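J.: Any chance you can model this:
(one chain, ligands or ions: 1)
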Amino acid sequence: MSGDLFNPSEEHLMIREMVKSFVEESVEPQALEFDRKEEFNLPLFRELGEMGLLGITVPEEFGGAGMDATAAAIIHEELSASDPGFALAYLAHSMLFVNNLAVNGSQQQKEKFLPAVCSGEAIGCMAMSEADAGTDVLGLSTNAIKNEDGDWVINGSKMWITNGCIDEDGTPADIVWVYAQTGKDDKGRKMLSTFLVEKGTKGYSVGQKIEDKTGMRASNTAELVFDNCIVPAENMVGEQGGALGHMMRNLELERLTLAAMAVGIARRSLEAMNKYAEEREAFGKRIRDFGQIQRHIGESWAEYRAMKVYLYHTASQMKLGESGNRLDSDGVKLFATTAAKNIADRAIQVMGGYGYVGEYVVERLWRDAKLLEIGGGTLESHQKNITKDLAKDPDAILR
Ligand SMILES: Cc1cc2nc3c(=O)[nH]c(=O)nc-3n(C[C@H](O)[C@H](O)[C@H](O)COP(=O)(O)OP(=O)(O)OC[C@H]3O[C@@H](n4cnc5c(N)ncnc54)[C@H](O)[C@@H]3O)c2cc1C
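T.: A predicted model of the protein is given here:
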């Protein structure tokens, strides 16, 4: 197959090569250690800023690289092929915060906040989920009320926030993209609005770092607390009640890049099982000569290629800043995440006892892959969305 879909321009190819060598030299050597320690490698993360990767989709005037969804997919695939936890921290910062602001923020907000998050000086995150509301976004209860001075007072707490704290001392993210309720509209529907909350704002703190996750242990996950947290009016993004639009636009890129992480996991797992099947002998034969091993490798290859083509095709159709690709952003995430988990699982099976220990990498990939079926939308939410969208547009099946 031509490599054009995966690296459509010289620039894309250069980004892939650059990330690949960074991964080989700097990411791979620390991946197992940071998984074991359950720590986020902040100094290494800041190096991504020096390489110009943290603002990959941000216009150059704000310190970004001005690239597209395909470039974002390439970076996630390459980082995740080595260290999905580190890649998830990248996603939370660069897609969920930085891209969100670049697309939905005002000129003044972009000028104020984007340069520092693009360089890596400041770390960002996005806080949508709560302890009692995940898939059911409209069920969130964090609220913001305007005070006499025209500022917003936020109360509530957010759960599961990647990059919510950036170290072991509970230091909160430098800036958070927060979704909160701001009353009801004329028809009695909940209005959700978006706020930028900066570190140092009174009432904004880390509730807890969430420990003992199955996977993605090299990324920090935290509960964030907003206790009478007063945010100036200029830190509201867009209009009051405009958050659903922000969410919808950004979720598509989030799902695409989570699918890209799945492709990285699948690729690495397939590479590992293919190599091992060549080297390992049993009953006087290479194990790749056994039909049951061939089934693991053959099915993994077909699924890997299918997910990769679906990923890069969807990326090529995606326009940053516009929604309208939900069928495929949900479709590719639905397919690729479970396929990646299954391929990592087969890799463990092919590698026997060795596959089950950290040194051989695939057990970590398998643990990390599971999160992709939950975060950024559960499998069930993708099934629901796809079925809904196909009811509205049945001709999508024919296109
Ligand atoms: C490691 C990690 C990192 C995360 N990072 C972030 C982050 O940075 N920012 C952020 O905001 N959130 C983050 N999340 C939260 C994540 O997005 C949510 O966990 C996810 O959306 C699911 O929500 P929930 O856990 O509340 O599960 P629920 O929504 O309560 O779902 C529980 C089960 O019910 C099913 N279900 C719910 N509604 C329906 C329905 N209508 N039809 C059928 N089935 C349904 C779900 O599919 C699931 O199987 C993270 C989570 C984890 C674990």
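J.: Hmm, A69 and L320 touching each other?
T.: Yes - at 6.1 Å, L320 counts as touching A69 under the criterion of C-beta atoms under 8 Å. (Glycine included, C-beta is placed from N, CA and C.)
J.: more crowded one of these two?
T.: When L320 is set against A69 and neighbours are counted by other C-beta atoms under 10 Å, the residue ahead is A69, at 26 against 17.
J.: wait, isn't the more buried one in contact with R255?
T.: No - A69 is beyond contact range of R255, at 11.0 Å (criterion: C-beta under 8 Å).
J.: tell me the residue furthest from the middle of the chain?
T.: Most distant residue from the mean C-alpha position of the chain: G284, 44.6 Å away (C-alpha atoms, centre = their mean).
J.: Compute the distance between it and E278, please.
T.: Taking C-beta to C-beta, to the nearest Å as the criterion, G284 is separated from E278 by 15 Å.
J.: ok so, going back, tell me the pLDDT at the residue farthest from the centre of the chain?
T.: What the model reports as pLDDT for G284 is 97.
J.: How about D389?
T.: Model confidence at D389 (pLDDT) stands at 97.
J.: host element of it?
T.: Counting by DSSP states H and E, the secondary-structure element that holds D389 is helix 379-392.
J.: now do Y179
T.: Using DSSP H and E, the element containing Y179 is strand 175-184.
J.: In that strand, which residues are buried?
T.: Under the neighbour-count criterion of 16 or more other C-beta atoms under 10 Å, strand 175-184 has I175, V176, W177, V178, Y179, A180, Q181, T182 buried.
J.: of the residues you listed, closest to the ligand?
T.: Within these, the smallest distance to the ligand is 7.9 Å, found for Y179 (C-beta to the nearest ligand atom).
J.: Quick test: name the residue nearest the centre of the protein.
T.: Within the chain, and using C-alpha atoms, centre = their mean, the residue nearest to the centre is L91, at 3.8 Å.
J.: Quick check on the closest residue in space to W301 that isn't next to it in sequence: phi, psi?
T.: Taking C-beta to C-beta, 6 or more residues apart in numbering, and ignoring the residues beside it in sequence, W301 has L270 as its nearest neighbour in space, at 6.5 Å. In this entry, L270 is assigned phi and psi values of phi -70, psi -40 (degrees, to the nearest 10).
J.: what does G207 give?
T.: When read as degrees, to the nearest 10, the backbone of G207 gives phi -70, psi -50.
J.: Which per-residue confidence value corresponds to the closest residue to the ligand within the chain?
T.: Ranking the residues of the chain by distance to the ligand (C-beta to the nearest ligand atom) places G134 first, at 1.9 Å. We have a pLDDT of 95 for G134.
J.: average model confidence for the helix or strand that contains L258?
T.: Assigned by DSSP H and E, L258 belongs to helix 243-279. Helix 243-279 shows a mean pLDDT of 97 in the predicted model.
J.: now swap in stretch 184-199 and tell me
T.: Here the mean pLDDT over stretch 184-199 is 94, rounded to a whole number.
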